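Student: Sequence plus predicted model, see below.
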Amino acid sequence: MIAEFRLPDLGEGLTEAEVVQWLVSPGDPVALNQTLAEVETAKAVVELPSPYEGTVSTLHAEAGETVAVGAPLIAFEVEGADAAVSAAEQPATADAEEKTQPNLVGYGAAPTASGRPARRARRGGAVPQADTAVLEAAPHDATPSASSETVVERPRSTPPVRAHAKRLGVDLVLIAAEVGNRLITRADVDAYAARVGAASITAAPTATTTVPDGPAALASGNRETRIPIRGVRKHTAAAMVQSAFTAPHVTVFHTVDVTATMDLVATLRADRPLAEHRIGPLAVVAKAVCMALPRTPGLNSRWDEQAGEIVEHGYVDLGIAAATDRGLIVPNIREAQSLTLTQLADAIAGLASTARSGKTSPAELAGGTFSISNIGVFGVDAGTPILPPGQSGILAVGAVRRQPWEYRGEIALRQLMTLSLSFDHRLVDGAEGARFLRDVADVLEEPGRAMLFS
């Protein structure tokens, strides 16, 4: 019997997702909760687990195609009439839905069979053809033959490793012939690429290939490059336009002598029990922000136009802006006001690592009451950050620079940082914004002042 799996609601009101890559093909046997595909929403890359156990019948969308929530995504051949009921045709009663509705993204389900997921055996003639240069460089016994009937398993690897191999033009089938049945790692791919020069191989362009912009585009002789607007960049653009033309932005600046803060950071990093936490100036700024926000509640509030109300938050879900290959995202540290300095440092490091790997979940991007953007990592001193929708304040943290500065009546070389605060003028006036910056600056100039905050 045929069972259809429709693209589920991935949360946060997202209405569509783009198929990044399929991890199964028609004819593949799949187990319950086995990962079927990676899809990219406007906020994150999400892995879709299988709600059925059976055999893949049809893929309703190709990689790179955008699918609406509720649209058919994949069909399975399953055993039993109950399992063949389409998601759109399942009983509406609570008892029936609980019995037949498959669990969706992130929830999993209790499998009905034990053991590892079965993987389809491939015949030699069906092995994807790698670039000629790769095949010639491969060991003789690893080269696939079109006439061979030898049965080989699909190479074992994780989605990031497959994506990395694809970028380098490396066929994982050839690596599997060398390493055997174990899991192929990124190091295996890099070693193989270095040995056969696969990194220099360029694949033939397809309809979904994007041409590099900037200097790379000029070097290739292209006078104009068109890049599809989708995924995180599309969502970020819409959010920034909405924010810029809805909330009246005001930005104020303040240059701070952070010499004492940098000395504190150096001391904490030299403390062996604390060394593993990698406490940096951004963590100190985050702690100062959490202590200063209760004194300026307007900066930790939301303007609810529909209800005609101002919503003041009694907690701080602190957004940390992160630049990724897929665009700008702002994951949140929940209940940041209750965290210690070391806990904040660990949380910031964790968010950054997850963002770089492209695995930030929609839940981590949801909400947020105040945000910080660390533009200093790019060597920038100041800017005018745009408010994330639904927030009334965002603080841009500039680079730390040694400059001449008046200190105790004399000119001395001090370590300076510029803070740039953008706020919603409907909720915060200039005096309140200035007071908040002063409160944060007081802690950064003299960390001991944190003892004065309640």
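Tutor: Structure received.
Student: Low-confidence ranges, this protein, go.
Tutor: Low-confidence segments of the chain (pLDDT under 70): 11-13, 42-43, 80-154, 159, 196-221, 232.
Student: show me where it has helices.
Tutor: For the chain, the helices defined by DSSP state H occupy 94-100, 132-137, 159-168, 172-179, 186-196, 215-219, 231-244, 259-270, 281-292, 341-356, 362-365, 430-445.
Student: Can you say which of the ones you listed is nearest to Thr35?
Tutor: Between Thr35 and those, the shortest gap by C-beta to C-beta is with helix 159-168, which sits at 7.6 Å. For glycine as for every other residue, the C-beta is placed from the backbone atoms N, C-alpha and C.
Student: For the closest residue to Ala352 other than its chain neighbours, the count of nearby residues, please.
Tutor: Leaving aside its chain neighbours, Ala352 sits nearest to Ala322 (6.0 Å; criterion: C-beta to C-beta, 6 or more residues apart in numbering). Neighbours of Ala322 under the rule other C-beta atoms under 10 Å: 20.
Student: which residues does Ala322 bridge with?
Tutor: Judged by DSSP bridges, the bridge partners of Ala322 are Ile329.
Student: Please tell me I have it right and it contacts Gly350.
Tutor: No. Using C-beta atoms under 8 Å, Ala322 is not in contact with Gly350, being 11.3 Å away.
Student: circling back to that earlier point, got a markdown table for the helices of the chain, with distance to Asp28 and mean neighbour count too?
Tutor: Listed next are these as a markdown table, based on distance: least, C-beta to C-beta, whole Å; neighbours: other C-beta atoms under 10 Å:
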| stretch | distance to Asp28 | mean neighbour count |
| --- | --- | --- |
| helix 94-100 | 23 | 11 |
| helix 132-137 | 25 | 14 |
| helix 159-168 | 15 | 17 |
| helix 172-179 | 16 | 19 |
| helix 186-196 | 23 | 16 |
| helix 215-219 | 37 | 11 |
| helix 231-244 | 26 | 16 |
| helix 259-270 | 50 | 16 |
| helix 281-292 | 45 | 23 |
| helix 341-356 | 29 | 18 |
| helix 362-365 | 27 | 20 |
| helix 430-445 | 55 | 19 |
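Student: Can you say which of the ones you listed is nearest to Pro389?
Tutor: Nearest to Pro389, of the helices of the chain and by C-beta to C-beta, is helix 231-244 at 5.0 Å.
Student: helices or strands up against the strand ranked longest in the chain?
Tutor: As assigned by DSSP state E, the longest strand anywhere in the chain is strand 410-424. Judged by 3 or more C-beta pairs under 8 Å, 6 or more residues apart in numbering; DSSP states H and E, strand 410-424 is in contact with strand 249-257, helix 259-270, strand 393-397, strand 401-407, helix 430-445.
Student: any chance of these in CSV, with distance to Ile175 too?
Tutor: Formatted as CSV, these follow (distance: least, C-beta to C-beta, whole Å):
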stretch, distance to Ile175
strand 249-257, 51
helix 259-270, 40
strand 393-397, 43
strand 401-407, 47
helix 430-445, 50
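Student: looking at those, which is closest to Glu178?
Tutor: Of all the helices and strands packed on strand 410-424, it is helix 259-270 that lies closest to Glu178, at 42.1 Å by C-beta to C-beta.
Student: Strand 410-424 and the closest one, what's the angle between them?
Tutor: Calculated by axes from the mean of the first three to the mean of the last three C-alpha atoms, to 10 degrees, helix 259-270 forms an angle of 90 degrees with strand 410-424.
Student: these two touch, right, Leu14 and Pro362?
Tutor: Yes. If you go by C-beta under 8 Å, Leu14 and Pro362 touch, sitting 7.1 Å apart.
Student: got a list of what the residue of the chain most remote from its centre touches?
Tutor: Centroid-distance maximum for the chain: Gly409 at 47.8 Å, with C-alpha atoms, centre = their mean. Applying C-beta atoms under 8 Å, 6 or more residues apart in numbering to Gly409 gives no contacts.
Student: Next: the one 10 residues further on.
Tutor: If a contact means C-beta under 8 Å, 6+ apart, then Leu419 has Phe253, His254, Thr255, Val256, Leu395, Ala396, Val397, Gly398, Leu437, Val440, Ala441 as its contacts.
Student: 10 Å - rerun?
Tutor: Applying C-beta atoms under 10 Å, 6 or more residues apart in numbering to Leu419 gives the contacts 252-256, 258, 285, 288-289, 382, 395-398, 436-437, 440-441, 444.
Student: follow-up on the earlier one: tell me which of the helices and strands packed on strand 410-424 sits nearest to Ala44.
Tutor: strand 393-397 (20.5 Å).
Student: Would you list the strands that that closest one pairs with, along with their directions?
Tutor: Strand 393-397 is paired, per DSSP bridges, with strand 370-373 (parallel), strand 410-424 (antiparallel).
Student: Need these in TSV (columns: distance to Arg449).
Tutor: Conversion of the strands paired with strand 393-397 to TSV gives the following (distance: least, C-beta to C-beta, whole Å):
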stretch	distance to Arg449
strand 370-373	19
strand 410-424	16
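Student: Out of those strands, which is the most enclosed?
Tutor: strand 370-373 (a mean of 24; mean count of other C-beta atoms under 10 Å).
Student: from memory Gln403 sits against Val258, does it?
Tutor: No. The pair Gln403 / Val258 is not scored as a contact, 11.4 Å apart, by C-beta atoms under 10 Å.
Student: Which neighbours do these two have in common?
Tutor: Counting by C-beta under 10 Å, 6+ apart, the contacts common to Gln403 and Val258 are Arg414, Gln415, Leu416.
Student: Pro294 versus Ala431, what's the distance?
Tutor: Distance of Ala431 to Pro294, given as C-beta to C-beta, to the nearest Å: 17 Å.
Student: one step back: please say which of Gln403 and Val258 ends up with more neighbours.
Tutor: Remark: of Gln403 and Val258, Val258 carries more neighbours, 26 against 11, as counted by other C-beta under 10 Å.
Student: The closest residue to Arg295 other than its chain neighbours and Ala288, how far apart?
Tutor: For Arg295, ignoring the flanking residues on the chain, the nearest one in space by C-beta to C-beta, 6+ apart is Asp439 at 5.8 Å. With distances taken as C-beta to C-beta, Asp439 is found 8 Å from Ala288.
Student: and what of Leu73?
Tutor: Distance from Leu73 to Ala288, counting by C-beta to C-beta: 46 Å.
Student: residues contacting the closest residue to Met291 other than its chain neighbours?
Tutor: The shortest distance from Met291 to any non-neighbouring residue, by C-beta to C-beta, 6+ apart, is to Phe453 (4.3 Å). By C-beta under 10 Å, 6+ apart, the contact list for Phe453 reads Lys287, Ala288, Cys290, Met291, Ala292, Pro294, Arg295, Asp439, Asp442, Val443.
Student: Skipping adjacent residues, who's closest to the second one in space?
Tutor: Ranked by C-beta to C-beta, 6+ apart and with sequence neighbours excluded, the top spatial neighbour of Ala288 is Val443, at 3.9 Å.
Student: go on, the first one?
Tutor: In space, not counting the residues next to it along the chain, Lys287 is nearest to Leu341; the distance is 5.2 Å by C-beta to C-beta, 6+ apart.
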